[in-house]
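Peer 1: need a 3D model of the sequence below.
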Amino acid sequence: APPAPVVIAVDDTLANSVKDAIKDFPGVSTSISNGEITLTGSIKRAQLPKLMAGLHALHPKKINNNLSVN
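Peer 2: All right, here's what the predicted structure looks like:
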């Protein structure tokens, strides 16, 4: 069977999901536009993989990572 198509979340739905996904990362801010998530702020290097995995699971079109990693 062919794989299921990837569903691109609508911005409002995506924004609510992203808000929940970043709640454990206080230094991280996001903006959503046209299905793309833009990350700003700072994060500890050890936390970055967990954050990115959580955001990729939301199926955005793209993630623009502008975070400062420390």
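Peer 1: where does the prediction get shaky in this protein?
Peer 2: 5-9 (pLDDT under 70).
Peer 1: tell me the contacts of the residue nearest to the spatial centre of the chain?
Peer 2: Geometric centre of the chain, nearest residue: Leu55, 3.3 Å, by C-alpha atoms, centre = their mean. Going by C-beta atoms under 8 Å, 6 or more residues apart in numbering, Leu55 touches Val18, Ala21, Ile22, Ile37, Leu39, Ile63. All C-beta spots, glycine's among them, are computed from the backbone N, C-alpha and C.
Peer 1: the third one is in contact with Ile37, isn't it?
Peer 2: In other words, Ile22. No: counting by C-beta atoms under 8 Å, Ile22 stays clear of Ile37, with 9.5 Å between them.
Peer 1: related to what we said a few turns ago, which SS class is the residue nearest to the centre of the chain?
Peer 2: helix (DSSP: H, G, I helix; E, B strand; the rest coil).
Peer 1: lovely, talk soon.
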